[in-house]
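Novice: Kindly return the folded structure for what I paste below:
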Amino acid sequence: MMAALASVGRSSLHLLASVGQVAIYAGLTVTHMVRPPFYGREFLNALLTIGYFSLPVVGLTALFTGGALALQIYAGGARFSAEAVVPSIVAIGMVRELGPVLGGLMVAGRVAASIAAEIGTMKVTEQIDALVTLSTDPMKYLTVPRVLAATLALPVLVGVGDAIGILGGYLVGITTLDFNAAAYLKNTVDFLETWDVVSGLIKGAAFGFIVALMGCFHGMRSGRGARGVGRATIDAVVSASILILAANFLLTNLFFAA
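Specialist: Down below sits the predicted model:
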């Protein structure tokens, strides 16, 4: 019994220590964002890598999700003779929840892993030590540009994904479910409010911050050797995904709780 309790205690202390380390790292990242020097070239490279090169995966995910959502809502609504709600529910579902969450998860799988592997490899090959030797703060040179770029790029990706997801629902609606094209678009516009879109973009910014922060955090703490880098990559993706889902619940409760 004592051994079991000791194991639970160790796990709890390790979890709390990890939460504290992440919180401190996030605080340092935010404070470094407003203090010079600024590395514009690193920021632009990160913006291109995180934003532009993530467009295909986010776009395809949103397209198929919007189409599948239209089919599911139509099938469910048919039980209550409510097929007409398909356009409005697809639009609201995409911009409030599915667009930001799926976009964040797709970017987490691509970007968090890439950042953790890149920084972890730099640590293993002692490139981070070389930066310190050259009086360059690794936090400002490696973490801040990536976190800032992800925080700014992900809302744009979410906005594009929302539009493509609604397009996917529209295409399925008019080709498979026999909706009138003009009526489908009118229902989409009439029931979609500005706050629905804005709340999704705010979520996107929060998720972008989480994705890049987890990639940098685990990369900086990577163990030595290929095994350490691989473990850091896995931890970055898993932790970013879990935090995205947790943050989505908290933000949804904040924005839309009665």
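Novice: Show me where the chain dips below the pLDDT cut-off.
Specialist: 1, 258 (pLDDT under 70).
Novice: Helices of that one, start to end?
Specialist: Assigned by DSSP state H, the helices in the chain fall at 2-33, 40-50, 55-78, 86-93, 99-107, 113-124, 127-133, 138, 144-175, 181-191, 194-220, 225-256.
Novice: Can you lay out those as JSON lines showing mean neighbour count?
Specialist: Every C-beta, even on glycine, is put in place using the N, C-alpha and C of the backbone. Converted to JSON lines, the helices of the chain look like this (neighbours: other CB atoms under 10 Å):
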{"stretch": "helix 2-33", "mean neighbour count": "12"}
{"stretch": "helix 40-50", "mean neighbour count": "16"}
{"stretch": "helix 55-78", "mean neighbour count": "18"}
{"stretch": "helix 86-93", "mean neighbour count": "24"}
{"stretch": "helix 99-107", "mean neighbour count": "26"}
{"stretch": "helix 113-124", "mean neighbour count": "22"}
{"stretch": "helix 127-133", "mean neighbour count": "13"}
{"stretch": "helix 138", "mean neighbour count": "19"}
{"stretch": "helix 144-175", "mean neighbour count": "24"}
{"stretch": "helix 181-191", "mean neighbour count": "15"}
{"stretch": "helix 194-220", "mean neighbour count": "24"}
{"stretch": "helix 225-256", "mean neighbour count": "17"}
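Novice: Now Arg221: closest residue in space, sequence neighbours ignored.
Specialist: Leaving aside its sequence neighbours, Arg221 sits nearest to Ala232 (CB to CB, 6 or more residues apart in numbering; 6.9 Å).
Novice: wait, what's in contact with that neighbour?
Specialist: 116-117, 120, 218-219, 221-223 (CB atoms under 8 Å, 6 or more residues apart in numbering).
Novice: For Met36, grab phi and psi.
Specialist: In this structure residue 36 is Pro, not Met. Dihedral angles of Pro36 (phi, psi; degrees, to the nearest 10) stand at phi -70, psi 160.
Novice: repeat for Gly223
Specialist: The phi/psi pair for Gly223 (degrees, to the nearest 10) reads phi -70, psi 170.
Novice: How about it, nearest residue that isn't a chain neighbour?
Specialist: Closest residue in space to Gly223, ignoring its immediate chain neighbours: Arg231 at 6.3 Å, by CB to CB, 6+ apart.
Novice: repeat for Gly219
Specialist: Leaving aside its sequence neighbours, Gly219 sits nearest to Ile119 (CB to CB, 6+ apart; 2.9 Å).
Novice: Now do the same contact list for Gly200.
Specialist: By CB under 8 Å, 6+ apart, the neighbours of Gly200 are 95-97, 99-100, 158-159, 162.
Novice: Need those in CSV (columns: distance to Thr176).
Specialist: As requested, the contacts of Gly200 are exported to CSV (distance: CB to CB, whole Å):
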residue, distance to Thr176
Val95, 22
Arg96, 24
Glu97, 23
Gly99, 22
Pro100, 26
Val158, 26
Gly159, 26
Asp162, 21
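Novice: I'd like to know which of the residues you listed is nearest to Arg79.
Specialist: Checking the contacts of Gly200 against Arg79 by CB to CB gives Glu97 as the nearest, at 22.2 Å.
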